[in-house]
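>>> model this:
(one chain, ligands or ions: 1)
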Amino acid sequence: MIAEAQELGTSIVMIAGGEPLTRPEVLEITADFPGIIFPLFTNGVLLTPEMIGRLRRQKNVVPVLSLEGHQLETDERRGQGVYAHLLSTMAALRESNCFFGTSLTVTKHNVEMITSPEFISDLIATGCKIFFFVDYVPVQEGTEELILTDEQRRAEIERLAALRAEFPGLFVAFPGDEEMYGGCLAAGRGFVHVSPEGRLEPCPFSPFSDISLKDVSLREALQSGFLKKIRENSHSLTETRGGCALWARREWVSSLLQ
Ligand code: SF4
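Residues are numbered from 1 along each chain as shown. Have a look, this model is predicted:
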């Protein structure tokens, strides 16, 4: 699938989980594609010194360690001791001269703290060079209260612009500035998501699909009727209440699958 994606012009393949390092062979697979960058989203627990040694040579894999904030917030969601472990892993990556980053889930409750210059400056000091801010997108009924408010979202965009100006790092917001890109980037317009079962879905936040890579090639799957419809409507898929446009219109999305 990665070979096909490369043929189609893909230059970035993000590997997320679950925990991708429960399949350590991922490092062997990615070694065959030096022209593709693989951000690998991990909780860091399985990142051994041997793997770090390998990453030092295999520069196309970029470990992205998941944090929720400081120790309290991270351990609360990811388990006791995970934060301390992450800091020691970051130190080891830095010593090995590996390019690495962090991914932060942005909610109504932590947005100010994790976009503050103090928080970022501490992470820059650990050697972190790329920051993914993943806005909380509800995929479960009843969790909508974690979504950023309109005001917080606007402030987040401004705070990220200030961070870009101040710090030597890359700051990526996801879904982020969709309005700037003219609407939803999913379904192959900007990116596409492959589920663990091999189904081709518009986006990690939109688990709907009418086609599986077990049955057809990636090139064919991208032409599925469902994905095409989403792409054709991307201009009208701009959710302004902080969540996902497809989630907000999930009834319409489900009707496309009928
Ligand atoms: S609007 Fe939803 S489906 Fe589209 S890119 Fe954003 S999060 Fe993904």
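>>> could you use CA atoms for every contact and neighbour count after this?
OK.
>>> where in this protein is pLDDT low?
Counting by pLDDT under 70, the ranges of the chain that qualify are 139, 175-179, 239-243.
>>> which residue ranges form the strands in it?
Assigned by DSSP state E, the chain shows strands spanning 38-42, 61-67, 101-106, 130-135, 170-174, 193-194, 200-201.
>>> which residue ranges form the helices in this protein?
Per DSSP state H, the chain carries helices over the ranges 2-7, 26-31, 49-57, 71-78, 82-95, 111-114, 117-126, 150-166, 218-221, 225-232, 245-248, 250-257.
>>> quick one: which of these is nearest residue 208?
Closest approach to residue 208 among the helices of the chain is made by helix 250-257 (7.7 Å; CA to CA).
>>> who's in contact with residue 237?
183-184, 245-246 (CA atoms under 8 Å, 6 or more residues apart in numbering).
>>> what's around residue 256, how many residues?
For residue 256, the neighbour count with other CA atoms under 10 Å is 16.
>>> quick check: the gap between it and residue 32.
From residue 256 across to residue 32, the span is 37 Å (CA to CA, to the nearest Å).
>>> kindly report the same for residue 219.
Distance, residue 219 to residue 32, using CA to CA: 20 Å.
>>> what bridges to residue 206?
Taking DSSP bridges as the rule, residue 206 bridges to residue 203.
>>> against the ligand, how distant is residue 208?
10 Å (CA to the nearest ligand atom, to the nearest Å).
>>> before we move on, what about residue 245?
Separation of residue 245 from the ligand (CA to the nearest ligand atom) stands at 4 Å.
>>> contact partners for the closest residue to the ligand within the stretch 51-200 of the chain?
Closest residue of the stretch 51-200 of the chain to the ligand, CA to the nearest ligand atom: residue 184 (3.9 Å). Contact analysis of residue 184 by CA under 8 Å, 6+ apart lists 178, 234-235, 237-238, 245.
>>> okay, the strands of the chain, which one's buried deepest?
strand 200-201 (a mean of 26; mean count of other CA atoms under 10 Å).
>>> tell me which other helices or strands that strand touches.
With contacts taken as 3 or more CA pairs under 8 Å, 6 or more residues apart in numbering; DSSP states H and E, strand 200-201 sits against strand 193-194.
>>> tabulate the strands of the chain (a markdown table), appending distance to residue 229.
Below are the strands of the chain laid out as a markdown table (distance: least, CA to CA, whole Å):
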| stretch | distance to residue 229 |
| --- | --- |
| strand 38-42 | 28 |
| strand 61-67 | 32 |
| strand 101-106 | 29 |
| strand 130-135 | 25 |
| strand 170-174 | 22 |
| strand 193-194 | 16 |
| strand 200-201 | 13 |
